[in-house]
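Peer 1: just to be clear, the model below is a prediction. Sequence and coordinates:
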Amino acid sequence: MDKRTKAGEKKKKIFSRYPEHLIMKIFENVNEGIMITDKNKKIISVNPAFEFVTGYSVEEVVGKNPSILQSGIHDLSFYLTMWETLYNNGVWQGEIWNRRKTGDVYPEWLTIMAVKDPAGEITNYCGIFTDLSERKIVEDELQKRALTDSLTDVCNRFAYLERMNALLESSTHISHNIQHAVFFLDLDRFKQVNDTLGHAVGDSLLVEVANRIQGLLKNKDILARYGGDEFVITLTNIVHPREAAKFAEKIIRVIEEPVILDGQEIFVSISMGISIFPTDGKTTDLLVNRADKAMAFSKQNGRNGFSFYFDDLHTDTKRVLLLDTELRKAIDNRDFTLYFQPKINAKNMQLIGVEALVRWQNDKLGFVSPAEFIPYAEETGLIIPLSEMIFDLACESHKQIMEAELMKVPIAINISSIHFQQQNFLESIQQILERNNTSAVNFEIEMTERTVMNSASETVSKLVRLKQMGFKLSIDDFGTGYSSLSYLVRFPLDILKIDRSFIQHICSLDDKQAVVDAIIQMAHRLKMKVVAEGVESAQQVELLREMGCDYIQGYYYSKPLPINELIDFIQFWEVEHQGRY
């Protein structure tokens, strides 16, 4: 008699009080695995669900001890407690980890019952179990989602706060001095990536940034995406704050490396703030808040750098509130002035135009840098009335130049991308021109790459309309954004301005010189004139002239001048270079 026949005979004996066909129907079709042993814990029968879950056939397990399924995860005390409960109560149930025939370990919910005869003697044991593998996978995934940022796969904000609280709790109980560094990171001009290249590329960029940072961390360090383009890092157990400074420099270098996405080479930078536990705070909220303030300070002072928290940053919040109030008043009262920086033809030394630069001196705030109030105006929407007011002031200044009976000097005006994107942008510009009884041919519109990189038909049509009105169109700060010269060919642009960061080192760094030379040559092929910004030395002027740069702008010829000094400069320049035009 084979093992299957013997098993069938024993099943009949056990379930003889029930109709055999009913017992067999249930036994063979339930989803739960069933294993029956004799009183000596030798397997006498299993059902098909047992075979499916464990991978063992009935022939392989009959006569064996259930211990063949043990995973090795539970220790001896676990099994001793289990059997003691079974002997005392007649039943045991709980989660247990077993091993399949393949060697895979899996969780199951197991119920073991002792089967007794009328005399109360144990004759058999019956184990019924449910495979929890899929449920565990779902639970693990849900837990992971609760603690992990779904895009970058690093910790999310909630998980970071939990881990930090635990870290600081344990740190306070350590006798020797221990320090941790908290970094608050924000990608510079990330909104520009989303606006120009799309959110899908922006998401890919965030993933790449997270991966690069992750590669710099040790096991106990913590990285989390705090929200949007913000990340937080905790560098644990540092010996001295200079470790945090060195680590910040590593982050800057690794983020500066170009990212290739959808065939587009993207350059990004990052601003960081750093706070130190316990010097700058002993709670997670305080450390993160102070690192955030230090990051904002870093961003205001040039971006692509880092700053440690210092006590004077306490005053930042008050300053922002005051800035908001005073900026609104200044716009209403037109409390801004324009300064003008001349642009000189590199070949014949002719004054070909000026760039209008806004300045603001406030009674309560003192001199407020455009690097401070322009970004704030963009964040709050105040840039639109501010931009319109600047355009109005430029028209008035042009009128003053004409009344002085001087040569025609076109004025270049910087236009914010936010202002440009307004539905009524063209109408508002036209109204300003009409109100000042002047023509668009007297002005040049300067836009950043961010403004024109959006290739929507509306953007192109606006640029075409501006050209038809008579404006010259130029790209400002070329090389600091995400576009390329080949991309710009689709737009009706007249002038390209090379950013001062390229000009600064052209006489000492061959790579900067090569980049500038390439930009000039390619721009000329696209029928565009080139302006070099930030020129400060005769050596730079001579080198740019040799490269074929069309126009020079910078302190070498003149700093930005108020309108009365500009008129004097124009008069001087006309006399000094009269014979060269």
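Peer 2: Okay, I see it.
Peer 1: and V516, how far from I266?
Peer 2: V516 is 21 Å from I266, where distance means C-beta to C-beta, to the nearest Å. For every residue, glycine as well, the C-beta is placed using N, CA and C.
Peer 1: what is the neighbour count of the nearest residue to L351 once chain neighbours are set aside?
Peer 2: Distances taken as C-beta to C-beta, 6 or more residues apart in numbering place W573 nearest to L351, at 5.0 Å, with adjacent residues excluded. The number of residues packed near W573 is 20, by other C-beta atoms under 10 Å.
Peer 1: again, but for E379
Peer 2: E379, neighbours per other C-beta under 10 Å, totals 10.
Peer 1: what residues of the one helix or strand A296 maps to count as buried?
Peer 2: Taking DSSP states H and E as the definition, one finds A296 inside helix 284-300. When burial is assessed from 16 or more other C-beta atoms under 10 Å, helix 284-300 yields the following buried residues: 284, 287-300.
Peer 1: format the CA atom coordinates belonging to stretch 21-34 as CSV.
Peer 2: The C-alpha coordinates for stretch 21-34 follow below in CSV (Å, rounded to 0.1, in the frame of the first residue of the first chain):
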residue,chain,number,x,y,z
HIS,A,21,-17.4,13.1,0.3
LEU,A,22,-18.0,16.3,2.2
ILE,A,23,-14.8,16.0,4.2
MET,A,24,-12.8,15.4,1.0
LYS,A,25,-14.4,18.2,-0.9
ILE,A,26,-13.5,20.8,1.9
PHE,A,27,-10.1,19.3,2.5
GLU,A,28,-9.1,19.4,-1.1
ASN,A,29,-10.5,22.8,-2.1
VAL,A,30,-9.9,25.2,0.8
ASN,A,31,-7.3,27.9,0.2
GLU,A,32,-5.7,27.4,3.6
GLY,A,33,-3.0,24.8,3.9
ILE,A,34,-3.8,21.8,6.1
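Peer 1: now that stretch: buried residues?
Peer 2: Residues of stretch 21-34 classed as buried by neighbour count (16+ other C-beta under 10 Å): I23, M24, F27, E32, G33, I34.
Peer 1: with distance to C155 and pLDDT added, can I get the residues you listed in JSON lines?
Peer 2: Formatted as JSON lines, these follow (distance: C-beta to C-beta, whole Å; pLDDT from 0 to 100):
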{"residue": "I23", "distance to C155": "53", "pLDDT": "78"}
{"residue": "M24", "distance to C155": "53", "pLDDT": "82"}
{"residue": "F27", "distance to C155": "48", "pLDDT": "85"}
{"residue": "E32", "distance to C155": "38", "pLDDT": "91"}
{"residue": "G33", "distance to C155": "38", "pLDDT": "92"}
{"residue": "I34", "distance to C155": "43", "pLDDT": "94"}
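Peer 1: adding distance to S275 and secondary structure, write those out as TSV.
Peer 2: Below are these laid out as TSV (distance: C-beta to C-beta, whole Å; DSSP: H, G, I helix; E, B strand; the rest coil):
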residue	distance to S275	secondary structure
I23	70	helix
M24	70	helix
F27	65	helix
E32	55	coil
G33	55	strand
I34	60	strand
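Peer 1: could you verify that N304 is part of a helix?
Peer 2: No. If the criterion is DSSP: H, G, I helix; E, B strand; the rest coil, then N304 is coil and not within a helix.
Peer 1: gap between it and G202?
Peer 2: On the measure of C-beta to C-beta, N304 and G202 end up 19 Å apart.
Peer 1: who has more neighbours out of the two?
Peer 2: G202 (21 against 15).
Peer 1: which SS class is L566?
Peer 2: helix.
Peer 1: now stretch 271-291: mean pLDDT?
Peer 2: Average pLDDT, stretch 271-291: 92.
Peer 1: who's in contact with that stretch?
Peer 2: 161, 164-165, 168, 171-172, 179-186, 188, 226, 232, 241, 244-245, 248, 251-252, 292-299, 303-309, 313 (C-beta atoms under 8 Å, 6 or more residues apart in numbering).
Peer 1: check stretch 375-393 too.
Peer 2: Contacts of stretch 375-393 (C-beta under 8 Å, 6+ apart): 320, 323-324, 327-328, 331, 334, 336-338, 356, 358, 374, 413-416, 418-419, 422, 428-429, 432, 435-436.
Peer 1: mind listing what E265 touches?
Peer 2: The contact partners of E265, by C-beta under 8 Å, 6+ apart, come to P258, V259.
Peer 1: and it, bridged to which residues?
Peer 2: On the basis of DSSP bridges, E265 is bridged to I260.
Peer 1: let's number from 39 now, not from 1
Peer 2: Sure thing, new numbering starts at 39, so read that last one as E303.
Peer 1: F315 and T321: what is the separation?
Peer 2: For F315 relative to T321 (C-beta to C-beta), the value is 9 Å.
Peer 1: between the two, who's got more neighbours?
Peer 2: Counted by other C-beta under 10 Å, F315 and T321 do not tie: F315 has more neighbours, with 24 against 13.
Peer 1: sorry, back to before: run the chain-centre distance for the helix holding A334.
Peer 2: 16 Å (C-alpha atoms, centre = their mean, to the nearest Å).
Peer 1: next secondary structure after it?
Peer 2: strand 344-346.
Peer 1: just the residues contacting that next one, thanks.
Peer 2: Contacts for strand 344-346 (C-beta under 8 Å, 6+ apart): 221, 279, 282-283, 286-287, 290, 309-314, 332-333, 335-336, 339.
Peer 1: show me what the following helix or strand past it is packed against.
Peer 2: Stepping forward along the backbone from strand 344-346, the first helix or strand reached (DSSP H and E) is helix 354-371. Judged by 3 or more C-beta pairs under 8 Å, 6 or more residues apart in numbering; DSSP states H and E, the packing partners of helix 354-371 are helix 322-338, strand 389-400, helix 408-418, helix 421-441.
Peer 1: show me the contacts for the closest residue to M507 other than its chain neighbours.
Peer 2: Nearest in space to M507, with sequence neighbours left out and distances taken as C-beta to C-beta, 6+ apart, is A478 at 4.3 Å. A478 makes contact with I467, L471, L504, M507, G508, F509 under the criterion C-beta under 8 Å, 6+ apart.
Peer 1: cutoff 7 Å now
Peer 2: Counting by C-beta atoms under 7 Å, 6 or more residues apart in numbering, A478 makes contact with L471, M507, G508, F509.
Peer 1: just I382 next, same as before
Peer 2: Here I382 is in contact with L389, Y589, I590, Y595 (criterion: C-beta under 7 Å, 6+ apart).
Peer 1: report the buried members of those residues.
Peer 2: The neighbour count (16+ other C-beta under 10 Å) marks L389, Y589, I590, Y595 as buried among the contacts of I382.
Peer 1: for those, give me JSON lines that also has secondary structure, pLDDT and distance to N162.
Peer 2: As requested, the buried ones among the contacts of I382 are exported to JSON lines (DSSP: H, G, I helix; E, B strand; the rest coil; pLDDT from 0 to 100; distance: C-beta to C-beta, whole Å):
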{"residue": "L389", "secondary structure": "strand", "pLDDT": "93", "distance to N162": "106"}
{"residue": "Y589", "secondary structure": "strand", "pLDDT": "96", "distance to N162": "98"}
{"residue": "I590", "secondary structure": "strand", "pLDDT": "94", "distance to N162": "99"}
{"residue": "Y595", "secondary structure": "coil", "pLDDT": "93", "distance to N162": "103"}
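Peer 1: this completes my enquiry, with thanks.
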